[in-house]
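Asks: structure here, sequence nowhere to be found:
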């Protein structure tokens, strides 16, 4: 069983992305109950992910399995599924990989930054382009963004 420990932030300025290429993702949420069930498609790969309820603001259990792209696309089109699209950029900074997401569609203009950590106590030096922390704030997780749209 894997633990996902991540912190999430706003991006101060999208200028940091100039000249970088990212990967396009479709994320569709299929069920929310004892676990959150998500499918993700990026180019010629797809994953089924199950996430537990949060254990803390930054930590929860996560199980992820690669699945056929056609299956993921069909799951994403099921009645009741809700989705978002984004482009993800990876930026290395002082031993950490920061994932910058640029959202599309109804979330156009929204940018967030995530960094996964080995423990909640791991110190991380935030670059100056990382803004306000969003970790644990309702409305800012990707499932809420897909279901509700822009946070208040």
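Replies: Arrived safely, thanks for sending. Not measured: the values here are computed from a predicted model.
Asks: quick one: contacts of the strand or helix carrying residue 113?
Replies: Here residue 113 sits within strand 111-116, counting by DSSP states H and E. Residues from elsewhere that reach strand 111-116, judged by CB atoms under 8 Å, 6 or more residues apart in numbering: 4-11, 14, 96-103, 124, 129-131, 134, 140. Yep, even glycine has a C-beta here, placed from its N, CA and C like the rest.
Asks: count of neighbours near residue 98?
Replies: 23 (other CB atoms under 10 Å).
Asks: quick one: pLDDT of it?
Replies: We have a pLDDT of 98 for residue 98.
Asks: cool, residue 136 as well?
Replies: So residue 136 comes in at 93 (pLDDT).
Asks: could you pull up phi and psi at the nearest residue to it once chain neighbours are set aside?
Replies: Computed as CB to CB, 6 or more residues apart in numbering, the closest residue to residue 136 that is not its neighbour in sequence is residue 57, at 2.9 Å. When read as degrees, to the nearest 10, the backbone of residue 57 gives phi -60, psi -30.
Asks: ok, residue 57 - how many residues close by?
Replies: Quick note: residue 57 (other CB under 10 Å) scores 13 neighbours.
Asks: wait, doesn't it sit right on residue 133?
Replies: No: with contact defined as CB atoms under 8 Å, residue 57 does not reach residue 133; the gap is 9.7 Å.
Asks: how near is residue 36 to residue 13?
Replies: Residue 36 sits 31 Å away from residue 13, going by CB to CB, to the nearest Å.
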